[in-house]
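K.L.:
Here's my sequence, what's the structure:
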Amino acid sequence: MRKLNTDYLYAVRELINNCPYFRLLSMNVLELSPGHALMEAVVEEKHLQAFGFVHGGALASIIDTAAFWSAFCDLDENTGITTVDLKLNYLAPVKEGKLIARGKRIKLGKTLGLGEAEIISEDGKLIAQGTSTLIVLPGFGFAGAPELPPKFI
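P.N.:
I've put the predicted structure just below:
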């Protein structure tokens with residue numbers, strides 16, 4: 001059985017947490033493990049819509065990202081994924097604070113995967129829930145990334 005290399009997971013978290021889109025949305029991946037991802041996003045003024053609530057597009061990005069990364073650890077090395085379908089349920093508005101997103105891989109096959117995620121506010125309220133259908137892309141690694149440690153040991 002393959003074992004994930006913790007040095008690889010650390011390097012990947014550093015890489016993705018410093019990508020421009022993550023910085024734009026003030027998101028960070030806190031934990032990655034087979035079938036799971038834990039993220040946080042800090043609500044800032046730039047995330048708010050005209051009524052002062054976090055914009056649904058920002059919440060959709062957080063859901064999609066948590067679901068996406070929940071499948072990542074189970075992929076073969078030098079294999080990528082991307083979203084082909086995203087379904088969301090917005091359950092409560094949020095104006096401020098830290099949002100926690102938990103992603104869970106439901107299934108990962110040779111060509112398609114399914115992940116789900118939820119966003120919880122600092123006070124424990126369920127803000128949004130969704131699923132992401134992912135297509136598996138063999139031969140695609142990180143774009144422009146420095147050399148990473150081996151994924152598996």
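K.L.:
Tell me which other helices or strands the helix with the most length in the chain touches.
P.N.:
In the chain, ranked by residue count with DSSP state H as the criterion, the top helix is helix 56-72. Secondary structure elements in contact with helix 56-72, counted by 3 or more Cβ pairs under 8 Å, 6 or more residues apart in numbering; DSSP states H and E, are helix 20-25, strand 27-33, strand 36-42, strand 79-90, strand 98-108, strand 112-121, strand 126-138. All C-beta spots, glycine's among them, are computed from the backbone N, C-alpha and C.
K.L.:
and it, C-alpha only, in PDB?
P.N.:
Output for helix 56-72, consisting of C-alpha atoms alone and laid out as PDB, is shown next (Å, rounded to 0.1, in the frame of the first residue of the first chain):
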ATOM      1  CA  GLY A  56     -22.200  33.400  -3.400                       C
ATOM      2  CA  GLY A  57     -19.400  33.200  -5.900                       C
ATOM      3  CA  ALA A  58     -16.800  33.300  -3.100                       C
ATOM      4  CA  LEU A  59     -18.700  30.600  -1.200                       C
ATOM      5  CA  ALA A  60     -18.900  28.500  -4.400                       C
ATOM      6  CA  SER A  61     -15.100  28.800  -4.800                       C
ATOM      7  CA  ILE A  62     -14.500  27.700  -1.200                       C
ATOM      8  CA  ILE A  63     -16.900  24.700  -1.600                       C
ATOM      9  CA  ASP A  64     -15.300  23.700  -5.000                       C
ATOM     10  CA  THR A  65     -11.800  24.100  -3.600                       C
ATOM     11  CA  ALA A  66     -12.400  21.900  -0.500                       C
ATOM     12  CA  ALA A  67     -14.200  19.200  -2.500                       C
ATOM     13  CA  PHE A  68     -11.300  19.300  -5.100                       C
ATOM     14  CA  TRP A  69      -8.500  19.000  -2.600                       C
ATOM     15  CA  SER A  70     -10.400  16.100  -0.800                       C
ATOM     16  CA  ALA A  71      -9.700  14.000  -3.800                       C
ATOM     17  CA  PHE A  72      -6.200  15.100  -4.500                       C
END
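K.L.:
thinking again about what came up before, possible to save the helices and strands packed on helix 56-72 as JSON lines with mean neighbour count and mean pLDDT?
P.N.:
As requested, the helices and strands packed on helix 56-72 are arranged in JSON lines below (neighbours: other Cβ atoms under 10 Å; pLDDT from 0 to 100):
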{"stretch": "helix 20-25", "mean neighbour count": "13", "mean pLDDT": "96"}
{"stretch": "strand 27-33", "mean neighbour count": "17", "mean pLDDT": "98"}
{"stretch": "strand 36-42", "mean neighbour count": "20", "mean pLDDT": "98"}
{"stretch": "strand 79-90", "mean neighbour count": "14", "mean pLDDT": "98"}
{"stretch": "strand 98-108", "mean neighbour count": "20", "mean pLDDT": "99"}
{"stretch": "strand 112-121", "mean neighbour count": "21", "mean pLDDT": "99"}
{"stretch": "strand 126-138", "mean neighbour count": "18", "mean pLDDT": "98"}
